[in-house]
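Participant: Below are the sequence and a predicted model for it; my questions follow.
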Amino acid sequence: MEFRFAAEEEAFRKEVRAFLKEELKPGWQEQFDTESELGAEQQSDFGRQFNKKLAKRRWLTMPWPKEYGGLGASVMQQMIYNEEMAYNGAPTGLNMGVSWVGPSLMIYGTAEQKERFLPAIADHDEIWCTLYSEPGSGSDLASLQTRAVRDGDDWVINGQKIWTSGAHRSDWGWLAARTDPEAPKHKGISMFILPMDTPGITIQPLINMASMHGFNEVFFEDVRIPASYLIGQENNGWYQLAVALDFERSSVAGVARAKRWWEDLVTFAKERRPFVEARPEVRHRLAEIGLEIEAGQNLCYRVASLQRSGKIPNYEASIAKLYSSELGQRLAATGMELLGLYGQLHPKSKYAYLKGRIERYYQISVAETIGGGTSEIMRNIVAMRGLGLPKG
Ligand SMILES: Cc1cc2nc3c(=O)[nH]c(=O)nc-3n(C[C@H](O)[C@H](O)[C@H](O)COP(=O)(O)OP(=O)(O)OC[C@H]3O[C@@H](n4cnc5c(N)ncnc54)[C@H](O)[C@@H]3O)c2cc1C
């Protein structure tokens with residue numbers, strides 16, 4: 001692994017930092033209420049304008065090839081960008097259109113589909129959600145049951161999806177549905193796109209344990225879409241799902257976010273000594289977390305470094321995802337310990353410290369070890385592919 005960044009990578013980091021300093025003036029987060037809706041800041045006027053500015057610089061789609069509106073940026077540049085955005089809490093979030101819809105369309109889409117959808121994603125004009133998980137299919141996604149049946153020039157969709165992040169704010173959905181129930185489970189799935197306001201689609205909010213609305217249940221009742229909304233080959237969907245693997249997979253955003261929170265907690269602990277004096281063991285936890293952040297950062301850099309040298313990270317990416325998501329939870333728990341009973345106060349309370357963010361973080365970080373693959377699944381991958389242990 002190369003521990004140093006190249007001069008042009010350092011220069012790019014400086015450029016991103018300068019941009020963020022200019023765009024995210026102190027107090028920018030206070031202009032909207034993000035306490036009841038996860039990701040709301042991305043959809044606020046401010047968030048939209050911010051993302052539009054990123055789009056204008058082609059930073060949103062920086063890994064995309066130039067011909068499709070990207071910059072063809074290196075993996076390291078992408079990682080630096082993700083790190084800086086997350087550290088500064090920029091309202092970017094996970095952009096599914098950019099991360100997997102666009103890249104899949106580049107490979108499997110028809111010329112018309114590419115022309116219609118790629119510019120709108122690159123320009124941040126249309127927002128996408130991902131319709132994979134179902135009540136009985138999460139880790140074992142290939143068991144999904146939502147059906148798509150061909151009827152003349154249309155496909156008719158029936159079934160239910162769950163945990164669909166941002167479905168209520170999306171223009172388009174990226175859907176995996178079963179098209180051949182007789183085939184082995186991996187061989188009977190196809191990919192579709194569809195407007196989220198198509199008749200027959202019902203979106204119901206799912207409120208998480210922090211009382212926030214981020215994901216939804218989505219029901220399909222005789223939803224009719226044209227045949228042109230099939231992506232790629234019928235029944236080849238499972239294999240098409242894996243196409244976005246070339247993208248930066250370092251999980252660096254989780255560690256960068258944790259680093260910022262940790263710095264805020266350390267500053268708080270220095271300024272408010274009685275909190276530390278009441279719980280001296282928290283000093284040790286903060287010191288440990290500082291070390292864990294260093295370790296986590298290097299695990300993430302290792303993944304990007306592998307990608308830079310043309311290798312496809314496999315269990316290494318699972319280690320980074322596992323470590324960074326669990327690190328976030330350990331940090332949130334340490335923050336709660338440091339703040340004592342104050343840690344439980346809602347951000348709206350005038351007595352809340354650090355704007356009540358630790359209370360939010362503590363609750364929201366629970367999801368980090370589930371979304372994008374659970375910790376158990378990550379450990380299975382590390383055990384089997386990393387250590388060569390037999391399947392459990
Ligand atoms: C914040 C968040 C956002 C999400 N957004 C989306 C989205 O936009 N679109 C979408 O389609 N989905 C989304 N998901 C769903 C997510 O992909 C699933 O929750 C995840 O894949 C786990 O599936 P599950 O919830 O069905 O749990 P299950 O797979 O049922 O797992 C239940 C428990 O069993 C364990 N387990 C399962 N299989 C194994 C195994 N083989 N070995 C050991 N342990 C196992 C799991 O680790 C877990 O602890 C989101 C989830 C979260 C938390």
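Facilitator: Right, received. Where do you want to start?

Participant: Would you map the strands across the stretch 151-300 of the chain?
Facilitator: 154-161, 172-178, 189-195, 201-207, 213-226, 230-231 (DSSP state E, counting those that start in this stretch).

Participant: Between the ones you listed, which one is closest to Tyr301.
Facilitator: Closest to Tyr301 of these is strand 213-226 (Cβ to Cβ; 29.0 Å). Backbone N, C-alpha and C define where each C-beta goes, glycine included.

Participant: still on that earlier bit, mean neighbour count, the strands of the stretch 151-300 of the chain: which tops it?
Facilitator: strand 172-178 (a mean of 24; mean count of other Cβ atoms under 10 Å).

Participant: This protein against the ligand: which residues are in contact?
Facilitator: Applying Cβ under 6 Å from any ligand atom, we find that the chain lies next to the ligand at 129-133, 138-139, 163-165, 215, 367, 370-371, 374, 376-377, 380.

Participant: returning to what we had before: rebuild the strands of the stretch 151-300 of the chain as a markdown table, extending it with mean pLDDT and distance to Gly343.
Facilitator: Output for those, formatted as a markdown table (pLDDT from 0 to 100; distance: least, Cβ to Cβ, whole Å):
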| stretch | mean pLDDT | distance to Gly343 |
| --- | --- | --- |
| strand 154-161 | 98 | 35 |
| strand 172-178 | 98 | 38 |
| strand 189-195 | 98 | 43 |
| strand 201-207 | 97 | 22 |
| strand 213-226 | 97 | 22 |
| strand 230-231 | 98 | 46 |
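
Participant: right, so of these, which gets closest to Ala258?
Facilitator: strand 213-226 (19.5 Å).

Participant: ok, and what's touching that closest one?
Facilitator: Residues outside strand 213-226 that contact it (Cβ atoms under 8 Å, 6 or more residues apart in numbering) are 36-39, 131, 146, 151, 153-168, 173, 192, 194, 198-208.

Participant: any idea which helix or strand carries the residue nearest to Thr92 when sequence neighbours are not counted?
Facilitator: In this structure, Thr92 finds its nearest non-sequential neighbour in Met85, 5.0 Å apart by Cβ to Cβ, 6 or more residues apart in numbering. Met85 belongs to helix 75-87 when elements are defined using DSSP states H and E.

Participant: model confidence over the helix or strand containing Glu9, on average?
Facilitator: Using DSSP H and E, Glu9 maps to helix 7-23. What helix 7-23 shows for mean pLDDT is 97.

Participant: Name the residues of that helix that come out as buried.
Facilitator: Across helix 7-23, burial judged by 16 or more other Cβ atoms under 10 Å covers Phe12, Arg13, Val16, Phe19, Leu20, Glu23.

Participant: gap between that helix and the chain center?
Facilitator: Offset of helix 7-23 from its chain centre (Cα atoms, centre = their mean, to the nearest Å): 22 Å.

Participant: Name the next helix or strand downstream of that helix, please.
Facilitator: Taking DSSP H and E, what comes next after helix 7-23 is helix 40-43.

Participant: How far off centre is the helix or strand following that next one?
Facilitator: Note on helix 40-43: by DSSP H and E, the next helix or strand toward the C-terminus is helix 45-56. How far helix 45-56 lies from its chain's middle: 18 Å, per Cα atoms, centre = their mean.

Participant: contacts for helix 45-56?
Facilitator: So helix 45-56 is contacted by 23-24, 28, 31-32, 40-42, 60-61, 90-92, 95, 122-124 (Cβ under 8 Å, 6+ apart).

Participant: could the strands of the stretch 151-300 of the chain go into a markdown table alongside distance to Glu359?
Facilitator: A markdown table is the format used below for the strands of the stretch 151-300 of the chain (distance: least, Cβ to Cβ, whole Å):
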| stretch | distance to Glu359 |
| --- | --- |
| strand 154-161 | 30 |
| strand 172-178 | 33 |
| strand 189-195 | 37 |
| strand 201-207 | 16 |
| strand 213-226 | 17 |
| strand 230-231 | 41 |
